[in-house]
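Undergrad: structure, please.
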Amino acid sequence: MATVHITVFGKTDVGKTRDHNEDTFLVGDLTRRVASLQPDVREHEVGPRGSLFMVADGMGGAAAGEVASRMAADQIFSHLSQVWPEDKELSAQRFAYRMKEAVELANSRIHVHAREHPEVRGMGTTATVAGIFGSDLYLAQVGDSRAYLIRNGRITQITKDQSLMQRLVEAGEITEEEAEQSERRNIILQALGPDPRVKVDLTRQSLRRGDLLVLCSDGLSGQVKKEEIADLAASAPDLMDLCSKLIETANSRGGPDNITAVAARFTGNGLDESDSGAEVGHQVYPLTEGESTTEPVPVYTGSPAPVPLSQQQPHSRRVIAGLLALLALALAMLFLFGER
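TA: Down below sits the predicted model:
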(Lines give C-alpha, C1' and ligand atoms only; values in the text may rest on other atoms or scores of the structure.)
Protein backbone atom coordinates (compact mmCIF):
# COMPACT_ATOMS: atom_id res chain seq x y z
CA MET A 1 0.00 0.00 0.00
CA ALA A 2 1.38 3.41 -1.02
CA THR A 3 2.00 5.70 1.95
CA VAL A 4 3.30 9.20 2.63
CA HIS A 5 5.24 9.55 5.87
CA ILE A 6 5.77 12.88 7.65
CA THR A 7 8.41 13.84 10.19
CA VAL A 8 7.75 17.33 11.57
CA PHE A 9 8.78 19.69 14.34
CA GLY A 10 8.08 23.30 15.24
CA LYS A 11 9.54 25.88 17.58
CA THR A 12 8.95 29.53 18.47
CA ASP A 13 11.05 32.09 20.34
CA VAL A 14 10.39 35.60 21.63
CA GLY A 15 13.62 36.94 20.09
CA LYS A 16 16.02 39.44 21.64
CA THR A 17 14.02 42.68 21.69
CA ARG A 18 10.33 41.86 22.24
CA ASP A 19 8.87 41.34 25.71
CA HIS A 20 6.26 38.78 24.61
CA ASN A 21 5.67 36.36 21.75
CA GLU A 22 2.86 37.08 19.27
CA ASP A 23 3.74 34.16 16.96
CA THR A 24 1.82 30.89 16.96
CA PHE A 25 2.40 27.62 15.13
CA LEU A 26 0.42 24.41 14.79
CA VAL A 27 1.16 20.81 13.75
CA GLY A 28 -1.82 18.49 13.27
CA ASP A 29 -3.07 15.19 11.91
CA LEU A 30 -6.55 15.86 10.48
CA THR A 31 -7.46 12.19 10.14
CA ARG A 32 -7.05 11.60 13.87
CA ARG A 33 -8.14 15.19 14.68
CA VAL A 34 -5.16 15.91 16.92
CA ALA A 35 -2.72 18.82 17.03
CA SER A 36 0.41 18.60 19.18
CA LEU A 37 4.13 17.95 19.19
CA GLN A 38 3.68 14.53 20.77
CA PRO A 39 5.68 11.70 19.15
CA ASP A 40 2.64 10.23 17.37
CA VAL A 41 2.07 13.54 15.57
CA ARG A 42 5.71 14.45 15.02
CA GLU A 43 5.99 11.23 13.01
CA HIS A 44 2.87 9.98 11.26
CA GLU A 45 1.52 8.68 7.99
CA VAL A 46 -0.78 10.95 6.02
CA GLY A 47 -4.29 9.64 6.53
CA PRO A 48 -7.28 9.98 4.20
CA ARG A 49 -8.13 13.43 5.64
CA GLY A 50 -4.59 14.78 5.43
CA SER A 51 -2.28 16.75 7.72
CA LEU A 52 -1.99 20.42 8.66
CA PHE A 53 0.82 22.81 9.62
CA MET A 54 0.68 26.57 10.05
CA VAL A 55 2.55 29.66 11.23
CA ALA A 56 0.79 32.87 12.31
CA ASP A 57 2.52 36.15 13.16
CA GLY A 58 0.26 38.38 15.26
CA MET A 59 0.20 42.15 15.30
CA GLY A 60 -1.51 44.78 17.38
CA GLY A 61 0.67 45.39 20.42
CA ALA A 62 0.07 44.43 24.06
CA ALA A 63 -1.64 41.03 24.00
CA ALA A 64 -3.70 41.71 20.87
CA GLY A 65 -1.34 40.09 18.40
CA GLU A 66 -0.99 37.04 20.56
CA VAL A 67 -4.78 36.75 20.76
CA ALA A 68 -5.16 37.11 16.98
CA SER A 69 -2.56 34.49 16.04
CA ARG A 70 -3.92 32.02 18.62
CA MET A 71 -7.48 32.60 17.40
CA ALA A 72 -6.37 31.97 13.81
CA ALA A 73 -4.69 28.68 14.68
CA ASP A 74 -7.59 27.50 16.84
CA GLN A 75 -10.27 28.45 14.31
CA ILE A 76 -8.48 26.96 11.30
CA PHE A 77 -7.71 23.66 13.03
CA SER A 78 -11.17 23.48 14.61
CA HIS A 79 -12.92 23.96 11.27
CA LEU A 80 -10.73 21.49 9.39
CA SER A 81 -10.85 18.86 12.13
CA GLN A 82 -14.63 19.10 12.62
CA VAL A 83 -16.18 20.01 9.25
CA TRP A 84 -13.76 18.44 6.75
CA PRO A 85 -13.81 14.89 8.27
CA GLU A 86 -17.60 14.85 7.92
CA ASP A 87 -17.47 15.94 4.28
CA LYS A 88 -18.80 13.18 2.02
CA GLU A 89 -16.71 14.34 -0.95
CA LEU A 90 -13.16 13.13 -0.35
CA SER A 91 -11.25 14.98 -3.08
CA ALA A 92 -8.29 17.30 -3.48
CA GLN A 93 -10.58 20.08 -4.72
CA ARG A 94 -12.76 19.80 -1.65
CA PHE A 95 -9.75 19.71 0.69
CA ALA A 96 -8.36 22.90 -0.83
CA TYR A 97 -11.75 24.55 -0.58
CA ARG A 98 -12.06 23.63 3.09
CA MET A 99 -8.60 25.09 3.76
CA LYS A 100 -9.51 28.38 2.11
CA GLU A 101 -12.85 28.40 3.90
CA ALA A 102 -11.16 27.87 7.27
CA VAL A 103 -8.82 30.84 6.71
CA GLU A 104 -11.71 33.09 5.64
CA LEU A 105 -13.76 32.08 8.67
CA ALA A 106 -10.78 32.79 10.94
CA ASN A 107 -10.56 36.26 9.43
CA SER A 108 -14.24 36.91 10.12
CA ARG A 109 -14.02 35.68 13.71
CA ILE A 110 -10.95 37.80 14.49
CA HIS A 111 -12.58 40.84 12.87
CA VAL A 112 -15.77 40.40 14.90
CA HIS A 113 -13.80 39.90 18.12
CA ALA A 114 -11.80 43.08 17.55
CA ARG A 115 -14.97 45.11 16.83
CA GLU A 116 -16.62 43.82 20.01
CA HIS A 117 -13.54 44.33 22.25
CA PRO A 118 -12.13 47.85 21.90
CA GLU A 119 -9.04 46.96 23.92
CA VAL A 120 -7.79 44.79 21.03
CA ARG A 121 -9.17 46.86 18.15
CA GLY A 122 -6.84 46.84 15.15
CA MET A 123 -5.34 43.45 15.93
CA GLY A 124 -4.48 41.06 13.13
CA THR A 125 -2.24 38.20 12.13
CA THR A 126 -0.57 36.67 9.13
CA ALA A 127 -1.36 33.04 8.35
CA THR A 128 0.56 30.59 6.22
CA VAL A 129 -1.31 27.28 6.28
CA ALA A 130 0.07 24.08 4.74
CA GLY A 131 -2.21 21.13 4.12
CA ILE A 132 -1.02 17.71 2.94
CA PHE A 133 -3.53 15.66 0.98
CA GLY A 134 -2.34 12.54 -0.79
CA SER A 135 1.00 13.37 -2.39
CA ASP A 136 0.35 17.10 -2.74
CA LEU A 137 0.98 20.17 -0.60
CA TYR A 138 -1.66 22.93 -0.53
CA LEU A 139 -0.91 26.39 0.85
CA ALA A 140 -3.37 29.06 1.96
CA GLN A 141 -1.65 32.34 2.74
CA VAL A 142 -2.48 35.81 4.02
CA GLY A 143 0.39 38.18 4.86
CA ASP A 144 4.14 37.65 4.67
CA SER A 145 4.97 34.55 6.69
CA ARG A 146 6.70 32.22 4.27
CA ALA A 147 6.92 28.65 3.03
CA TYR A 148 10.12 27.25 1.50
CA LEU A 149 10.59 23.87 -0.17
CA ILE A 150 14.02 22.25 -0.19
CA ARG A 151 14.52 19.55 -2.85
CA ASN A 152 17.90 17.97 -3.59
CA GLY A 153 19.59 20.69 -1.55
CA ARG A 154 18.00 23.53 -3.54
CA ILE A 155 15.59 25.86 -1.75
CA THR A 156 12.65 27.69 -3.36
CA GLN A 157 10.20 30.11 -1.80
CA ILE A 158 6.77 28.73 -2.73
CA THR A 159 4.67 31.54 -1.24
CA LYS A 160 4.49 35.18 -2.30
CA ASP A 161 4.65 37.89 0.33
CA GLN A 162 1.53 40.03 0.34
CA SER A 163 3.68 43.06 0.94
CA LEU A 164 4.52 46.44 -0.54
CA MET A 165 8.03 45.30 -1.46
CA GLN A 166 6.72 42.25 -3.34
CA ARG A 167 4.40 44.49 -5.36
CA LEU A 168 7.30 46.78 -6.23
CA VAL A 169 9.44 43.81 -7.28
CA GLU A 170 6.65 42.46 -9.50
CA ALA A 171 6.19 45.92 -11.03
CA GLY A 172 9.91 46.05 -11.88
CA GLU A 173 10.46 49.11 -9.69
CA ILE A 174 13.07 47.46 -7.45
CA THR A 175 15.10 44.25 -7.36
CA GLU A 176 14.66 41.42 -4.86
CA GLU A 177 17.99 42.41 -3.30
CA GLU A 178 16.81 45.99 -2.84
CA ALA A 179 13.54 44.74 -1.33
CA GLU A 180 15.45 42.66 1.24
CA GLN A 181 17.40 45.73 2.36
CA SER A 182 14.50 48.20 2.37
CA GLU A 183 13.34 49.73 5.65
CA ARG A 184 9.79 49.16 4.37
CA ARG A 185 10.17 45.42 3.83
CA ASN A 186 7.84 44.61 6.74
CA ILE A 187 4.87 46.59 5.38
CA ILE A 188 2.13 44.09 4.47
CA LEU A 189 -0.99 44.71 2.39
CA GLN A 190 -3.42 42.47 4.25
CA ALA A 191 -3.77 40.33 7.35
CA LEU A 192 -6.45 38.31 9.10
CA GLY A 193 -8.66 40.57 11.20
CA PRO A 194 -8.46 44.22 10.12
CA ASP A 195 -11.07 43.85 7.34
CA PRO A 196 -14.29 41.78 7.16
CA ARG A 197 -13.10 40.01 4.00
CA VAL A 198 -9.71 38.79 2.94
CA LYS A 199 -8.20 37.42 -0.27
CA VAL A 200 -6.54 34.06 0.35
CA ASP A 201 -3.64 33.04 -1.88
CA LEU A 202 -4.26 29.34 -2.57
CA THR A 203 -1.49 27.30 -4.19
CA ARG A 204 -0.50 23.67 -4.77
CA GLN A 205 2.85 21.90 -4.94
CA SER A 206 3.44 18.27 -5.90
CA LEU A 207 5.68 16.59 -3.32
CA ARG A 208 8.60 14.28 -3.96
CA ARG A 209 10.37 11.80 -1.71
CA GLY A 210 12.83 13.59 0.56
CA ASP A 211 11.28 17.06 0.19
CA LEU A 212 11.66 19.37 3.19
CA LEU A 213 9.10 22.09 3.91
CA VAL A 214 9.98 25.07 6.11
CA LEU A 215 7.31 27.50 7.31
CA CYS A 216 8.46 30.61 9.15
CA SER A 217 7.49 34.05 10.39
CA ASP A 218 9.37 37.11 9.16
CA GLY A 219 11.40 37.08 12.37
CA LEU A 220 13.34 34.28 10.68
CA SER A 221 13.10 35.15 6.97
CA GLY A 222 14.09 38.77 7.71
CA GLN A 223 17.36 37.71 9.33
CA VAL A 224 18.31 34.46 7.61
CA LYS A 225 18.57 34.17 3.83
CA LYS A 226 16.93 31.23 2.12
CA GLU A 227 20.28 29.80 0.99
CA GLU A 228 21.39 29.81 4.63
CA ILE A 229 18.21 27.94 5.57
CA ALA A 230 19.11 25.28 3.00
CA ASP A 231 22.67 25.05 4.32
CA LEU A 232 21.44 24.63 7.89
CA ALA A 233 18.97 21.97 6.74
CA ALA A 234 21.80 20.05 5.08
CA SER A 235 23.91 20.17 8.26
CA ALA A 236 21.05 19.36 10.66
CA PRO A 237 19.01 16.37 9.46
CA ASP A 238 17.22 16.16 12.83
CA LEU A 239 14.28 18.59 12.57
CA MET A 240 14.30 19.58 16.25
CA ASP A 241 17.95 20.51 15.85
CA LEU A 242 17.21 22.34 12.60
CA CYS A 243 14.47 24.52 14.14
CA SER A 244 16.77 25.37 17.05
CA LYS A 245 19.64 26.32 14.74
CA LEU A 246 17.39 28.50 12.58
CA ILE A 247 16.20 30.40 15.64
CA GLU A 248 19.71 30.66 17.08
CA THR A 249 20.96 32.14 13.80
CA ALA A 250 18.21 34.79 13.74
CA ASN A 251 18.90 35.66 17.37
CA SER A 252 22.65 35.93 16.71
CA ARG A 253 21.78 38.75 14.27
CA GLY A 254 19.85 40.76 16.80
CA GLY A 255 16.60 38.82 17.01
CA PRO A 256 14.52 41.99 16.45
CA ASP A 257 11.22 40.09 16.20
CA ASN A 258 9.55 36.90 17.38
CA ILE A 259 10.93 33.88 15.51
CA THR A 260 8.98 30.77 14.50
CA ALA A 261 9.91 27.80 12.33
CA VAL A 262 8.08 24.60 11.39
CA ALA A 263 10.00 21.97 9.40
CA ALA A 264 8.46 18.88 7.81
CA ARG A 265 10.15 16.11 5.82
CA PHE A 266 8.20 13.84 3.45
CA THR A 267 9.11 10.24 2.65
CA GLY A 268 7.33 7.00 1.75
CA ASN A 269 6.56 4.92 -1.32
CA GLY A 270 3.49 7.09 -2.03
CA LEU A 271 5.82 9.79 -3.34
CA ASP A 272 7.78 9.77 -6.60
CA GLU A 273 11.55 10.13 -6.60
CA SER A 274 12.83 13.68 -6.20
CA ASP A 275 14.27 13.78 -9.73
CA SER A 276 10.98 12.91 -11.46
CA GLY A 277 10.52 16.38 -12.93
CA ALA A 278 7.97 18.24 -10.80
CA GLU A 279 8.27 22.03 -10.99
CA VAL A 280 8.83 23.84 -7.71
CA GLY A 281 7.44 27.34 -7.15
CA HIS A 282 4.39 29.49 -6.49
CA GLN A 283 1.62 27.67 -8.38
CA VAL A 284 -1.91 29.05 -8.01
CA TYR A 285 -4.56 26.41 -7.42
CA PRO A 286 -7.90 27.44 -8.96
CA LEU A 287 -11.10 26.30 -7.28
CA THR A 288 -14.22 25.53 -9.27
CA GLU A 289 -16.69 28.38 -9.64
CA GLY A 290 -19.09 26.88 -7.11
CA GLU A 291 -16.35 26.69 -4.46
CA SER A 292 -14.63 30.02 -5.07
CA THR A 293 -16.24 31.94 -2.21
CA THR A 294 -17.20 31.39 1.38
CA GLU A 295 -20.28 32.80 3.09
CA PRO A 296 -19.03 35.18 5.79
CA VAL A 297 -20.08 34.77 9.40
CA PRO A 298 -22.27 37.63 10.70
CA VAL A 299 -20.22 40.73 11.44
CA TYR A 300 -21.10 43.33 14.05
CA THR A 301 -22.32 46.42 12.20
CA GLY A 302 -21.93 49.06 14.89
CA SER A 303 -19.72 52.07 14.28
CA PRO A 304 -17.21 52.51 17.11
CA ALA A 305 -15.01 55.56 16.84
CA PRO A 306 -11.92 54.82 14.77
CA VAL A 307 -8.57 54.73 16.51
CA PRO A 308 -6.27 57.54 15.23
CA LEU A 309 -3.24 56.26 13.33
CA SER A 310 -0.92 57.96 15.82
CA GLN A 311 -2.46 55.94 18.67
CA GLN A 312 -2.31 52.54 16.98
CA GLN A 313 0.39 50.06 17.88
CA PRO A 314 3.37 49.86 15.46
CA HIS A 315 2.44 46.37 14.26
CA SER A 316 -1.11 47.48 13.51
CA ARG A 317 0.20 50.23 11.27
CA ARG A 318 1.94 47.71 8.97
CA VAL A 319 -1.22 47.00 6.99
CA ILE A 320 -2.40 50.63 6.90
CA ALA A 321 1.04 51.88 5.87
CA GLY A 322 1.14 49.26 3.13
CA LEU A 323 -2.19 50.34 1.66
CA LEU A 324 -1.22 54.03 1.76
CA ALA A 325 2.14 53.31 0.13
CA LEU A 326 0.48 51.20 -2.56
CA LEU A 327 -1.97 54.02 -3.30
CA ALA A 328 0.90 56.49 -3.59
CA LEU A 329 2.70 54.14 -5.99
CA ALA A 330 -0.40 53.80 -8.16
CA LEU A 331 -0.84 57.56 -8.36
CA ALA A 332 2.82 58.05 -9.23
CA MET A 333 2.68 55.48 -12.03
CA LEU A 334 -0.52 57.01 -13.36
CA PHE A 335 1.16 60.41 -13.49
CA LEU A 336 4.26 59.06 -15.24
CA PHE A 337 2.32 57.16 -17.88
CA GLY A 338 0.02 60.13 -18.35
CA GLU A 339 2.98 62.30 -19.26
CA ARG A 340 4.02 59.96 -22.10
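
Undergrad: okay, residue 95: pLDDT?
TA: In this model, residue 95 is scored at 98, pLDDT.

Undergrad: regarding it, what is its secondary structure?
TA: helix (DSSP: H, G, I helix; E, B strand; the rest coil).

Undergrad: residue 253: how many residues sit nearby?
TA: The local packing of residue 253 (other Cβ atoms under 10 Å) involves 11 other residues. (Each C-beta comes from the backbone N, C-alpha and C, glycine too.)

Undergrad: swap that for residue 190, please
TA: Residue 190 has 23 neighbours, counted by other Cβ under 10 Å.

Undergrad: can we start the residue count at 42 from this point?
TA: Happy to do that; since the first residue is 42 now, the last one works out to residue 231.

Undergrad: excluding covalently adjacent residues, which one is nearest to it?
TA: Nearest non-adjacent residue to residue 231, counting by Cβ to Cβ, 6 or more residues apart in numbering: residue 203, 5.5 Å away.

Undergrad: can you give me the helices for the protein?
TA: 80-83, 105-123, 133-157, 205-211, 217-222, 259-262, 267-276, 280-293, 358-380 (DSSP state H).

Undergrad: quick one: buried residues of the fifth one?
TA: Meaning helix 217-222. Applying a neighbour-count criterion of 16 or more other Cβ atoms under 10 Å, one finds residue 220 buried in helix 217-222.

Undergrad: same question, the longest one
TA: Neighbour counts over helix 133-157 (16+ other Cβ under 10 Å) mark 133, 135-156 as buried.

Undergrad: okay, the angle between it and helix 105-123?
TA: Using axes from the mean of the first three to the mean of the last three Cα atoms, to 10 degrees, the inter-axis angle of helix 133-157 relative to helix 105-123 is 140 degrees.

Undergrad: show me what helix 133-157 is packed against.
TA: The criterion is 3 or more Cβ pairs under 8 Å, 6 or more residues apart in numbering; DSSP states H and E, and the helices and strands that helix 133-157 contacts are helix 105-123, strand 168-174, strand 177-183, strand 242-247.

Undergrad: looking at those, spot the one closest to residue 129.
TA: Taking Cβ to Cβ, helix 105-123 is the member of the helices and strands packed on helix 133-157 nearest to residue 129, at 14.8 Å.

Undergrad: can you list the low-confidence ranges for this protein?
TA: Counting by pLDDT under 70, the chain shows low-confidence ranges at 102-103, 224, 226, 317-318, 330-381.

Undergrad: now with 80, please.
TA: 102-104, 216-218, 220-227, 315-319, 329-381 (pLDDT under 80).

Undergrad: would JSON lines of the helices of the chain with distance to residue 323 be doable?
TA: Formatted as JSON lines, the helices of the chain follow (distance: least, Cβ to Cβ, whole Å):
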{"stretch": "helix 80-83", "distance to residue 323": "28"}
{"stretch": "helix 105-123", "distance to residue 323": "21"}
{"stretch": "helix 133-157", "distance to residue 323": "15"}
{"stretch": "helix 205-211", "distance to residue 323": "11"}
{"stretch": "helix 217-222", "distance to residue 323": "14"}
{"stretch": "helix 259-262", "distance to residue 323": "15"}
{"stretch": "helix 267-276", "distance to residue 323": "14"}
{"stretch": "helix 280-293", "distance to residue 323": "22"}
{"stretch": "helix 358-380", "distance to residue 323": "20"}
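
Undergrad: which one of the ones you listed lies closest to residue 251?
TA: Of the helices of the chain, nearest to residue 251 by Cβ to Cβ is helix 267-276, at 11.3 Å.

Undergrad: for the closest one, name the packing helices and strands.
TA: Using 3+ Cβ pairs under 8 Å, 6+ apart: helix 267-276 touches strand 187-192, strand 195-198, strand 253-257, helix 280-293.
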